[in-house]
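Trainee: I would like to see how this sequence folds:
(2 chains)
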2 protein chains.
Amino acid sequence: MSENTTENDQNDTFDNGSTNHEKVAVTEMGVPFRRVTLTNGEVHDLYDTSGPQGCNPREGLPPGRAAWIAAREARGDTNFSQMHYARQGVITEEMRFVAIRENMDPEFVRKEIAEGRAIIPANKKHPELEPMIIGRNFLVKVNSNIGNSAVSSSIEDEVEKLRWSLRWGADTVMDLSTGHDIHETREWILRNSPVPIGTVPLYQALERVNGDVGKLNIDLFLDVLREQAEQGVDYFTIHAGIRLAHVPLTADRITGIVSRGGSIMAQWCLIHHTESFLYTEFDRICELMKEYDISFSLGDGLRPGCIADANDAAQFAELETLGELTKIAWKHDVQVMIEGPGHVPVNKIQENMDRQLADCHEAPFYTLGPLVVDISPGYDHMASAIGAAIIGSQGCAMLCYVTPKEHLGLPNKEDVKQGMIAYKIAAHAADVAKGHPGSQDRDDALSRARFEFRWEDQFNLAIDPETARAYHDETLPAQAAKTAHFCSMCGPKFCSMRITQDIRDYARKGMDEMSEKFVESGGEVYLPSS
Amino acid sequence: MSENTTENDQNDTFDNGSTNHEKVAVTEMGVPFRRVTLTNGEVHDLYDTSGPQGCNPREGLPPGRAAWIAAREARGDTNFSQMHYARQGVITEEMRFVAIRENMDPEFVRKEIAEGRAIIPANKKHPELEPMIIGRNFLVKVNSNIGNSAVSSSIEDEVEKLRWSLRWGADTVMDLSTGHDIHETREWILRNSPVPIGTVPLYQALERVNGDVGKLNIDLFLDVLREQAEQGVDYFTIHAGIRLAHVPLTADRITGIVSRGGSIMAQWCLIHHTESFLYTEFDRICELMKEYDISFSLGDGLRPGCIADANDAAQFAELETLGELTKIAWKHDVQVMIEGPGHVPVNKIQENMDRQLADCHEAPFYTLGPLVVDISPGYDHMASAIGAAIIGSQGCAMLCYVTPKEHLGLPNKEDVKQGMIAYKIAAHAADVAKGHPGSQDRDDALSRARFEFRWEDQFNLAIDPETARAYHDETLPAQAAKTAHFCSMCGPKFCSMRITQDIRDYARKGMDEMSEKFVESGGEVYLPSS
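Mentor: Okay, the predicted model is just below:
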C-alpha cells in the first residue's frame, strides 16, 4: 500500500504514545491509513478509523461525500441505497473507497453488496462519513455503544466517548441515548463522526408517548425515523422480527426477554393481541430507508440473556422471521444486517452462525459478544471477546463490543478502551483465522521485531503502544534496555531468543558443512540423526 | 453437595469482599469447598483452591496426606505413583479426595488414571497437598507461574504471589525461579502450597554449570531432580522431546525456539552433535520419578513463538517424540501430561488437540494459552484466553495462564489477578462447553439472581465479587440501589427485565385464559397467532 499513498496535509502524529505513527491518506479519494515506520525502514499502513484529526467539534468534520451525493440528487435518483446502485452494475464512490481501504477489487465489493452479503451503511445526509463495509468477506468490524441514559451522562461526554471509541478502532458507533436532549446529542455525534452511526429509534418513539408502550404506532414511529434520517443516521436497529406467537416461547426462560427494544415490542404485541406495526408495516419502513440509504440492523429482540436460554425456540423463531424481512427489504434494494446474541456457550456458537446464514440468506451477521459464561460480571468484555473471536472466525461480520461494566453500570472512558481493545483482538483473531489477505502481516512484523529485540517496533505495532511501552518500562525502565538483546523475563543467561540466534548460526553453519560432506561422499541421503 | 458437608473448625469468612462466602470442608477427608449462601436461601458449594486459611507461613500448612503416605511406606512400597496403584485396582485416598472434589465416581477416577487419561500430581514429600486431578473428563484446570529471575523479585514476594494465585483459583503453580536462592524459595513455596507445584529443573541444573550449556549431563541433572524431589515438587517439566534432527527444522521460523528449556537442550544437542541426555537416559529419570510419585510434564521445547510458526514440522516432530516418551514413562507407571503451545491462530487450534490425543495416546494436554494473535502485548492475557477457551472446549486438560505483562516484563500482583481471572473464565467456558456435570449451575444461579434483581447474590456468585460490587456502586452508589428493581444501564422506564416480568405475568395469564377457552371450545388446537 505504501507506494500509492502520500502524506496528508495535516500530517499529524498519532496521539497514542507512539513515536512514529502518522496519519496518511491515499491520494485518489482521501482513504485514511495510519502509517507505522519501523526502525529497520519497513513501513506498515494500518486500517484507521480515527477520522480527520484536529477538527473543531463545533464545526464538525469536512463533508467528504457531499459532491458524490449532490451528483446523484442532481440526476433525480430516488433510491439512494448502495444495494440499488450495485444491482444496476454501478460501482459507487463509496464502493471504490472501501475497496482501497480493504485492499480488495471494487467489482468484488459491488458484487457482495448486490447479493446482500455486505453492506455500506451510508446515509446521504451523513456526508462526513468515511465509507466502510460490513460483510464476512471483508475485515471483521467492531461496534462501540455510547449514549446517555435517564440515570447519568451528558452531551459533551458522549461526543468525547465517540472520539475515544474511534481512537481505539471502533468501526461503527451506536448512539443508545434514552434520556433528554437525544436529538441534540445525536446531531453532535453525527457531525463529528467519520464512521457510520446506528440508533434504536424505538427509544425515542417511546419517549414521545411518555413510556406508554400501548400508544406506540407506525405513524409516530415513521415520524421518528424521518427525524433521525434527516440528521444522517446510517443504520437503524428495528425489532420487527418479534411476532405475537414468539412471546409465549420466552415464558420459561431464566432471563426472559433482555433486549430493551424486544421487551417493548413484545409488550405491545400482548397489549394489542396482534402482530406488531413494525412487522405489518415493514414495507413503509423500507420506503423511507431507501430515500436516504439507511441500512437495517434487524434487531434480535428475543436474544438469550444467559447461556441457559441460548439457541432456544424463541431465538430461532425470531431469526426465521428476520430472514423473511430480509427478503422484503431486498425487494426495495434496502441494505440489511442481522443482529445476533448475546449469551451463548462455546459449543452452541456454530449453530448460530450456520442458521443465520441459512435463514437470513447470507446477510451480514452482527452479534453482541456472545458471552460464553455468565459468572464474570466486571470481566464480561473478556468472556464475550472469547465468543466474539469464535463467531467472527466462523463468518460473523461485525462484533458489538462489551465493556467491563456490562450488567453493572455505565462505562467510563477506561471501560470503553478496555472493551474496544478486547474486541479489536477478537476481530483480528477472526481475520487471521479466516486467512483474510494481509491480515497476518502486522503479527509477523511484530514477531520479527520481537525476535530481533527491536522493542520500539514491537510497541509501535501493538494495539496499544503506550501500555506496551509502560509495562516494559516497569521492569526495565532504562532507555538502554529498549535496545538490550535480552528481555526482562529471563535475563541474559536464559534468553531463548539469544540462544536461538546462536543455534541458527550453528545450524546453518552445520548444514553447510554437512552439505559439503554430502557432495564429497557422492550424494547419499544424509540424516543428521536417527 | 450441601448435604454431606459441615462447617470447618476455622469457619473463615472468605477474603474477597464477599459478605457471605465461607470455607467449608467435607467431613470425611477435609475436601475443601467455598460455600456461597444466597439471599433466597440457596447454597452453592464451589470448588476451592485457597487452602487452609490463617496459617503462619513459617510453620507451613498442616500435612494432611502424611498418614496416607506413611502407611504406604510402612508396607514397603517402592513405586508410589498414583498410576501404579490405579493399575493394580487400588483406589487411593488421593483418588477418593478428588472424586469428592469433582463430584465423580472414585472408580471412574481410578480408571482414568490407570489408562493415562488423567493424573494426580502428588509427590509423597508434599504432604500439605490437597489432591487435584488433571484430565479432560474432569474440570479444566489453570496453572499460574511464579518465580524470581536474575532481574528482580524476592522470596517473600514469591510466597505472597503463591497465595495470591490461589486466592484467584490457581489449580497448580509452577515455580520458574532462575536466580539465587532458588532452593530456599522453593522450600517456602512447597511448605505453604495446598496445590501441586511444578518446576523446570533444567534451570537449576544450568545454574550449577554457571550457564555453560555444554557441561550439562545426566548425572548432574539427576542430582538436581533428587534435590527437588526431596523438597516435594509434584511435577517436572522435562524437555526430553527435542531430538538433534528437530533442531534444523526451526531454522527458518520467524521466532526460532522460544522455550527457555527448549533452546538450552537444542544448543546442547548441537554442541555435542548427539541426542540429548534427557532423551537417551529417559528411563533413569522415570526410575527417580516413581520413587516419589512425581509426574512428567513433557516440555514442548519447540512450541511456536508466533502464529506464523504454529503447527510446523518442528512442533509436530517433537510432539511425536513426546508420544514415544509417554509410552516409556507408562512402562514405569509414571504419570504424564504433555505441554503444548503457545501461539496458534484460531483456525489451527483443533489440529493441535487432535494430534496431541493421537500422538500422545490421550495423555492430558497442558497448553500455554495459546495466543491467537501477536499484536496484543499488554493484553496477551486476553488474546491467549481466547485460544485457551477454544482448546479447553476441545479437550485440553490444563491451561497455563498468561498475564498482561507477557513478552514485556515480570507480573505484579494485579497482573497475576488479571491473568488468573481471564483463565478462570476460559476454563469455565470450556467446562460448560463440554457439558461437565453441574458446571453450568453457578451461571444459572447468577442469571436467576440477575433476572430477579438480587444484586448481592450476583456479586457473590461472580468470579470477583469485590470488583463486580465496586463497578455497580460507581454508577448507583446508594445501598438502596442494590435492591432496586432496575439496573443502572437503562433506568426504570427501559428496564427489559421489569417489562419481561410484566410479559411473563401477562403471557401466563393469557395462556391460562386461552387454556380455559380451549377446554370450553371442545379441545381444538389453539395457536395464539399465525
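Trainee: Residue ranges in the stretch 401-530 of chain A under the pLDDT threshold?
Mentor: Along the stretch 401-530 of chain A, segments meeting pLDDT under 70 span A:476-495, A:497-498, A:506-530.
Trainee: what about the strands in chain A?
Mentor: Under the criterion DSSP state E, chain A contains strands at A:5-7, A:21-26, A:31-37, A:43-47, A:118-119, A:134-135, A:141-146, A:172-175, A:197-199, A:235-238, A:295-298, A:336-340, A:365-368, A:398-400.
Trainee: what's next to the last one, contact-wise?
Mentor: The set of residues external to strand A:398-400 that reach it, using Cβ atoms under 8 Å, 6 or more residues apart in numbering or on different chains, is A:134, A:140-143, A:145, A:171-172, A:174, A:337, A:364-369, A:388, A:391-392, A:423, A:426-427. C-beta coordinates here come from the backbone N, C-alpha and C atoms, glycine included.
Trainee: quick one: strands adjacent to it?
Mentor: strand A:141-146 (parallel), strand A:365-368 (parallel) (DSSP bridges).
Trainee: Which positions are bridged to the residue positioned nearest the centre of chain A in the beta structure?
Mentor: Residue closest to the mean C-alpha point of chain A, counted by Cα atoms, centre = their mean, is residue A:142 at 1.8 Å. Beta bridges link residue A:142 to residue A:399, judged by DSSP bridges.
Trainee: so who does it touch?
Mentor: With contacts defined as Cβ under 8 Å, 6+ apart, the neighbours of residue A:142 are A:169-171, A:398-401, A:420, A:423-424, A:426-427.
Trainee: and what of residue A:314?
Mentor: Counting by Cβ under 8 Å, 6+ apart, residue A:314 touches A:246, A:249-250, A:253, A:302.
Trainee: Among the strands of chain A, which comes closest to residue B:20?
Mentor: Shortest distance between residue B:20 and those, using Cβ to Cβ, is found for strand A:365-368: 31.2 Å.
Trainee: what about the closest one, distance to the chain center?
Mentor: Its chain's C-alpha centre and that of strand A:365-368 lie 9 Å apart, by Cα atoms, centre = their mean, to the nearest Å.
Trainee: now that strand: mean pLDDT?
Mentor: The average pLDDT within strand A:365-368 is 98.
Trainee: Alpha carbons of that strand, in CSV - could you do that?
Mentor: Output of strand A:365-368 as CSV, limited to C-alpha atoms (Å, rounded to 0.1, in the frame of the first residue of the first chain):
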residue,chain,number,x,y,z
PHE,A,365,-24.4,-11.1,10.9
TYR,A,366,-23.7,-8.6,13.7
THR,A,367,-23.5,-10.1,17.2
LEU,A,368,-23.2,-8.8,20.8
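Trainee: Relative to residue A:392, how far out is the residue nearest to the centre of chain A?
Mentor: 9 Å (Cβ to Cβ, to the nearest Å).
Trainee: what touches both of the two?
Mentor: In contact with both residue A:142 and residue A:392: A:399, A:426-427, using Cβ under 8 Å, 6+ apart.
Trainee: Name the nearest of the residues you listed relative to residue B:435.
Mentor: Closest to residue B:435, out of all of the shared contacts of residue A:142 and residue A:392 and judged by Cβ to Cβ, is residue A:426, at 24.3 Å.
Trainee: can you count the residues close to the residue nearest to residue A:266 when sequence neighbours are not counted?
Mentor: Excluding its sequence neighbours, the residue lying closest to residue A:266 (Cβ to Cβ, 6 or more residues apart in numbering or on different chains) is residue A:247, at 4.8 Å. Residues contacting residue A:247 under the criterion other Cβ atoms under 10 Å in any protein chain shown number 27.
Trainee: Repeat that for the one 4 residues further on.
Mentor: For residue A:251, the neighbour count with other Cβ under 10 Å is 17.
Trainee: Isn't it up against residue B:504?
Mentor: Yes: using Cβ atoms under 8 Å, residue A:251 makes contact with residue B:504 at a distance of 5.7 Å.
Trainee: where does the stretch 1-150 of chain A dip in pLDDT?
Mentor: Along the stretch 1-150 of chain A, segments meeting pLDDT under 70 span A:1-19, A:27, A:148-150.
Trainee: What residues does the stretch 201-350 of chain A have near chain B?
Mentor: With Cβ under 8 Å from any Cβ of the partner chain as the criterion, the stretch 201-350 of chain A meets chain B at residues A:203, A:206, A:211, A:213, A:243-245, A:247-248, A:250-251, A:254-260, A:262-264, A:266-267, A:270, A:274-275, A:305-309, A:345-347.
Trainee: mind listing which of those residues are in helices?
Mentor: A:203, A:206, A:260, A:262-264, A:266-267, A:270 (DSSP state H).
Trainee: thinking again about what came up before, buried ones among the contacts of strand A:398-400?
Mentor: A:134, A:140-143, A:145, A:171-172, A:174, A:337, A:364-369, A:388, A:391-392, A:423, A:426-427 (16 or more other Cβ atoms under 10 Å in any protein chain shown).
Trainee: dump the residue contacts of residue A:133.
Mentor: Contact partners of residue A:133, counting by Cβ under 8 Å, 6+ apart, are A:98, A:101-102, A:109, A:112-113, A:118-120.
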